[in-house]
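Q: The following block contains a protein sequence and its predicted model.
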Amino acid sequence: MTDLTLGRVTADRERLLALLQEYGVYLGVVVLFLVNTVFTPHFLSTENFRTQAVQVAPVLIVALGMALAIGSEGVDLAVGSVMALSTSLLSLYLGYGPGIAVVVALVGGAVVGVANGSLIAFVGVQPIVATLALMVAGRGLALVLLPQLKDVHDPAMAELGSGDALGVPYVVLIAAALALLVGFVVRRTTFGRSLLAIGDSRPAARLAGLPVRRVLILVYVCSGVLAAVAGVLATARLTASDPSSLGNLMELSAITAVVVGGTPLSGGRIRIGGTVAGAVLIQLLTTTLIKHDLPPSWTQIAQAVVIVLAVYAARERGKR
Amino acid sequence: MTTDVDIPVHAKDTAEEETAGAGRSERLSALAQQHGALVTLAVAMIAASLSFDTFLTGDNLENMALSSAFLAVVALGMTFVIITGGIDLSVGSLFALGGVLAAWASQYGAVAALLLPLAVCGLIGLVNGLLIARSRLAPFIVTLASMLGARGILLSVTDEGSKTYLVEKGSFFARIGQGSLLGVGVPVWITVALFVLGAVVLRRTRFGQYVYAVGGNEDAAALMGAPVARTKISVYLLSGLCAGLAGALNAAWLASGVTILGSGMELEAISAVVIGGTLLTGGFGFISGSLVGVLLLKVIQNVINQIGSLDSAYQQVVSGAFLAVVVIAQTWLGRRRRVL
């Protein structure tokens, strides 16, 4: 009798735990949202939503690329430096017109991605180390190209950074479109399926005849280009290029968003919805702490705790 | 890194000759892996002293030795971690935190100034180790989180980074950092002593052998009866202690706890260890290599500084490119050794 009830209790607990792991990030967003609605003055205003959405957009875009890298059982530490590189290139080539400048910036991101991907796919270097090398070199290169902060005076870039369509800022629209696109790519394309297969087991994917190297390079190119997009948007919003600080610790925020969103670090699974929610969760957490006059140091400690909790929860899921 | 060991293994007439050729090639690969960094360092030093009159002067060498000392202590702990197949990204934050805590505690005497950073950074390293070994979380994400957390603690003890604690001039603690013995700075002596100790521990003790065993193959080590979890916890604890000590020594040398130091140091330390020949996949590496790696990085930085026209950002470009070249060479050499 007691055995039976005990069994049911543990089963229920396990189901609850599984649900929490699956949907915990959404629950976290809802809870933080409600808490803020009640306790934070002026939280429920259009202006505030706008600010929050604009702030989360670059992190989200970088996190989408990071999700692809993590899904392939890798990681891309170079994203912050790619943002810096893209802002340097953008301001250097702005003389040729904003269109060309943006293209050059994105190509810069793609080149870093090719370098990362080649090191990982052809040479067989661990993703952490390969992208670490590009992280150090990329930031240096950005500073060599543009040694100090430079204002960006361009009407088109200013419009991109602060304009809106139907009240929704362009920056947010672009982030949303990219999230949908990446979600579609992961679920519905051959590339997406091969990427997940490679993340699950690279030897098995190779034996199954998948073009492992090509897919891996493409993964890091995507991550590089998405980071460059984030760099361009951030530059447009700030109307200035600051290669020494733009994208600092961005790799951390992006990894946090992906991991908190329930994408396992062991690869083979990507949750785009969760990644979006993860980015929003971190943004809401930061806002909550800042709006209640807690110092930034608390935000960092809180973020550290959230990361560990999220990974801990994911571990349980992986074991079952 | 010397990559000039590419001895083509021609099709030999007899099988005997073939194995002999393979053996020689394998030995050369191993030699290049072990001593490539040292040869490169020697070449770089010779080239630098021929190109710049100011390179081989007492002042310059002393400066390089001192600035290498702090990174070297951090890299020492990192070497243990990497040989177990892990990674510790929190050392840069712990270095900064250790420095600030030491500067604050120096008002209570030199013992407090050394013990407080060791205790706090050791505790954070211990937590890292527990999460990694007992809860089986990925080292890189755990130490990433503690990198953030430690920086948060650092900011909150310094009024969000606006307060700088000073070490009293002429105090015993300041003399540890600034004093010199036989013309060589005390931090350099401490570093050398720690490296000798580290090498003995890694090579000649049971713990050291466990470190290699865990990094070589964790499951096999567990089956052999090696205390896998305890070994892993110990290396992260050790890494935290090293980072805290390096931070404290640095604070004594600078006579203040500077909050902006240490960011990016984890990358430098990892680069130094990898350049020194330790494999990131674990199970293979040596303490002396890390010291050579640190010196090599510092010589590169010094040379770039001596070329006055070059911006300091070139240091990063060169260091990153150098790291990439070394990793490519190592992977290539490693593969060659396995295949042959």
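A: Here it is on my side, so go on.
Q: what helix or strand does the residue nearest to residue B:253 when sequence neighbours are not counted sit in?
A: Nearest residue to residue B:253, sequence neighbours excluded (CB to CB, 6 or more residues apart in numbering or on different chains): residue B:177, at 3.6 Å. For glycine as for every other residue, the C-beta is placed from the backbone atoms N, C-alpha and C. Using DSSP states H and E, residue B:177 sits in helix B:172-178.
Q: Can you list the buried residues in that helix?
A: Buried residues in helix B:172-178, counted by 16 or more other CB atoms under 10 Å in any protein chain shown: B:173-174, B:176-178.
Q: what packs against that helix?
A: For helix B:172-178, the packing partners by 3 or more CB pairs under 8 Å, 6 or more residues apart in numbering or on different chains; DSSP states H and E come out as helix B:110-133, helix B:186-204, helix B:228-254.
Q: Let's see that with 6 Å instead.
A: Secondary-structure packing of helix B:172-178 (3 or more CB pairs under 6 Å, 6 or more residues apart in numbering or on different chains; DSSP states H and E): helix B:110-133, helix B:228-254.
Q: Out of the ones you listed, which is the most enclosed?
A: Of all these, helix B:228-254 carries the top mean neighbour count, a mean of 27, counting by mean count of other CB atoms under 10 Å in any protein chain shown.
Q: and the helix or strand following that one, how far from the chain's centre?
A: For helix B:228-254, the following helix or strand on the C-terminal side (DSSP H and E) is strand B:256-257. Centroid displacement of strand B:256-257 relative to its chain, using CA atoms, centre = their mean, to the nearest Å, is 22 Å.
Q: Can you tell me the closest non-neighbouring residue to residue B:139?
A: Nearest non-adjacent residue to residue B:139 (CB to CB, 6+ apart): residue B:86, at 3.9 Å.
Q: Could you report the neighbour count for residue 197?
A: Just going to use chain A. Residues near residue A:197, counting by other CB atoms under 10 Å in any protein chain shown, number 20.
Q: you looked at the wrong chain, it should be chain B
A: Neighbour number of residue B:197 under other CB under 10 Å is 12.
Q: Quick check: the gap between it and chain A.
A: Distance, residue B:197 to chain A, by CB to the nearest CB, to the nearest Å: 28 Å.
Q: for the chain, which spans come out with low pLDDT?
A: No chain specified, so I'll use chain A. Judged by pLDDT under 70, chain A has its weakly predicted residues at A:1-11, A:315-320.
Q: try again with chain B
A: Within chain B, the ranges that satisfy pLDDT under 70 run B:1-23, B:26, B:33, B:161, B:259, B:262-263, B:308-312, B:334-340.
Q: At the contact with chain A, which residues of it appear?
A: Within chain B, the residues that sit near chain A (CB under 6 Å from any CB of the partner chain) are B:137-138, B:141, B:145, B:148-149, B:151-152, B:155-156, B:160, B:267, B:280, B:313, B:316-317, B:319-321, B:323-324, B:327-328, B:331.
Q: Buried members of those residues into ChimeraX, please.
A: The following ChimeraX selection, which keeps only the buried ones among the residues of chain B next to chain A, applies the criterion 16+ other CB under 10 Å:
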select /B:137,138,141,145,148,149,151,152,155,156,267,280,313,316,317,319,320,321,323,324,327,328,331
